[in-house]
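S.K.: next comes the sequence, and after it the predicted model I'd like to discuss.
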Amino acid sequence: MPLDFTLSKFRRLCTCVAQHYPTLTLSEYFQGDHPPQFAMMRHDIDRRPSALSTARVEAEAGIRATYYFRRQGSAFRPEIMREIEGMGHEVGYHYEIVDIDENGKEGKDLFGLNCNID
């Protein structure tokens, strides 16, 4: 059976999730005060973002999701990030720098540099 990653299928998924579960962003989850059953929608935006389309579908369904954007390449689009945040979604920084640095110091320095965003 082929996988179906179309926006139409995603819309059906969001409708089903919204009908059966409250949704939390990751920061809401880590605050610890949440219902016993819930769903979390998390997206890592690594390349050309289709994030705006998925964020709109989720917002239409009443879902608040978390979007993590990479700092480099075509995924870093501040105007799209602001628009997604304006829909009520959570936006954060998607990084691997600390994980790939063996001694930790260089990764921490690069992490700091990459977080210095206007």
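M.R.: Arrived safely. Keep in mind that this is a model prediction, so the values were computed, not measured.
S.K.: quick one, what contacts Arg47?
M.R.: Gly73, Ser74, Ala75 (CB atoms under 8 Å, 6 or more residues apart in numbering). Where you see a C-beta, it was placed from the backbone N, CA and C, and this is true even at glycine.
S.K.: out of the residues you listed, which is most surrounded?
M.R.: Neighbour counts for those (other CB atoms under 10 Å) peak at Ala75, which has 19 neighbours.
S.K.: how much space separates it from Met41?
M.R.: From Ala75 across to Met41, the span is 18 Å (CB to CB, to the nearest Å).
S.K.: same deal with Leu52?
M.R.: 15 Å.
S.K.: quick one, which of these two is more surrounded?
M.R.: Under the criterion of other CB under 10 Å, the comparison of Leu52 against Met41 puts Met41 first, with 22 against 17.
S.K.: show me what contacts the residue nearest to Cys14 when sequence neighbours are not counted?
M.R.: Spatial nearest neighbour of Cys14, excluding adjacent residues (CB to CB, 6 or more residues apart in numbering): Ala61 at 4.0 Å. Contact analysis of Ala61 by CB under 8 Å, 6+ apart lists Arg11, Cys14, Thr15, Val17, Ala18.
S.K.: where in the protein is pLDDT low?
M.R.: Per-residue confidence for the chain (pLDDT under 70) gives these ranges: 1, 48-49, 96-118.
S.K.: for the chain, which helix is longest?
M.R.: Scanning the chain for the longest helix, with DSSP state H as the assignment, gives helix 7-20.
S.K.: check which helices and strands it sits against.
M.R.: In terms of contacts (3 or more CB pairs under 8 Å, 6 or more residues apart in numbering; DSSP states H and E), helix 7-20 is packed against helix 51-61.
S.K.: please identify the buried residues of the helix it packs on?
M.R.: For helix 51-61, the buried set under the neighbour-count rule, 16 or more other CB atoms under 10 Å, comprises Ala51, Leu52, Thr54, Ala55, Val57, Glu58, Ala59, Ala61.
S.K.: hmm, Tyr67 and the first one touching each other?
M.R.: Same thing as Ala51. Yes. Applying CB atoms under 8 Å, one finds Ala51 in contact with Tyr67, separated by 5.6 Å.
S.K.: between the two, what contacts are shared?
M.R.: His43, Ile45, Ile84.
S.K.: alright, calling it a day.
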